[in-house]
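Trainee: mind folding the following:
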Amino acid sequence: MAEHEYEARVVWTGNRGQGTATYKGYDRTWNIETPGKPVVHCSNDPLLGGDPTLHNPEDLLIASLSSCHMLWYLHLASDAGIAVIAYQDDPLAVGETERGGAGRFLRATLRPQITVPEGTDLSVADAIHHEIHKTCYIARSVNFPVDYAAEYSFG
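Mentor: Numbers count the residues shown, from 1 in each chain. Purely as a prediction, here's the structure:
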C-alpha cells in the first residue's frame, strides 16, 4: 500500500476590515489556491447567506464524487472493451441541517448520461457503475450511500 499526499491552500477573503468582530461583519468567502492551478473562488451555502455565484463545500464534494466516478467509469469501460463517446453527469446530493446548524449529506445519486456505439451491451456498461466504489478515492471516503441512475444513448 502506498500513501499519497494532496495539497491545497485555503485563504479566507471575507475580512471587510474588522475581521470577525461581529458575526454579520464578515463574508464567508475564500479561495482555493492549489500550486500551479487556477484559483477557485468559494463561498458558503446560499442557505446560510453565501454567494450563490460561487462554489461552496457541498458543490465541491458532489462534483468530486461525480468526477472520480466518471474517471473510473471511463477506465473500467475501456478495460471492458466499451468505447464511451460522451459522458456527462448531473449528480444530486441530499443533505439535512439540524436546528443548531450542523449538517450532513444523507445520500447522493449520480445520474450520468453516457453515449456508446450502437451494439454496445448496455448490461455490461451498467454493471461497471457498481464496481467503482471499490476503487474510487472519493466514493471510498464518504460515509453516505451513493446510488447510480445512468442513462445510455447510442451515437
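Trainee: helix or strand for the residue most central in space within the chain, which one?
Mentor: Centroid-nearest residue in the chain, with CA atoms, centre = their mean: A63, separated by 2.1 Å. A63 is located in helix 57-79, with elements delineated by DSSP states H and E.
Trainee: after that helix, next one along is what?
Mentor: The first helix or strand that comes after helix 57-79 along the chain, using DSSP H and E, is strand 86-89.
Trainee: show me where the protein has helices.
Mentor: For the chain, the helices defined by DSSP state H cover 57-79, 122-127, 137-141.
Trainee: now for these, which one comes closest to Y26?
Mentor: With CB to CB as the measure, helix 57-79 is the member of the helices of the chain nearest Y26 (17.3 Å). For every residue, glycine as well, the C-beta is placed using N, CA and C.
Trainee: kindly export the closest one (C-alpha atoms) in PDB.
Mentor: The C-alpha coordinates for helix 57-79 follow below in PDB (Å, rounded to 0.1, in the frame of the first residue of the first chain):
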ATOM      1  CA  PRO A  57     -18.100  23.000   0.000                       C
ATOM      2  CA  GLU A  58     -21.200  21.000  -0.800                       C
ATOM      3  CA  ASP A  59     -20.900  21.700  -4.500                       C
ATOM      4  CA  LEU A  60     -17.200  20.700  -4.400                       C
ATOM      5  CA  LEU A  61     -17.900  17.400  -2.600                       C
ATOM      6  CA  ILE A  62     -20.700  16.300  -5.000                       C
ATOM      7  CA  ALA A  63     -18.600  17.400  -8.000                       C
ATOM      8  CA  SER A  64     -15.600  15.500  -6.700                       C
ATOM      9  CA  LEU A  65     -17.700  12.400  -6.100                       C
ATOM     10  CA  SER A  66     -19.100  12.600  -9.600                       C
ATOM     11  CA  SER A  67     -15.700  13.300 -11.200                       C
ATOM     12  CA  CYS A  68     -14.000  10.400  -9.500                       C
ATOM     13  CA  HIS A  69     -16.800   8.100 -10.500                       C
ATOM     14  CA  MET A  70     -16.500   9.300 -14.200                       C
ATOM     15  CA  LEU A  71     -12.800   8.800 -14.400                       C
ATOM     16  CA  TRP A  72     -13.100   5.300 -13.000                       C
ATOM     17  CA  TYR A  73     -16.000   4.500 -15.300                       C
ATOM     18  CA  LEU A  74     -14.000   5.600 -18.400                       C
ATOM     19  CA  HIS A  75     -11.100   3.500 -17.200                       C
ATOM     20  CA  LEU A  76     -13.100   0.400 -16.500                       C
ATOM     21  CA  ALA A  77     -15.200   0.800 -19.700                       C
ATOM     22  CA  SER A  78     -12.100   0.900 -21.700                       C
ATOM     23  CA  ASP A  79     -10.800  -2.200 -20.000                       C
END
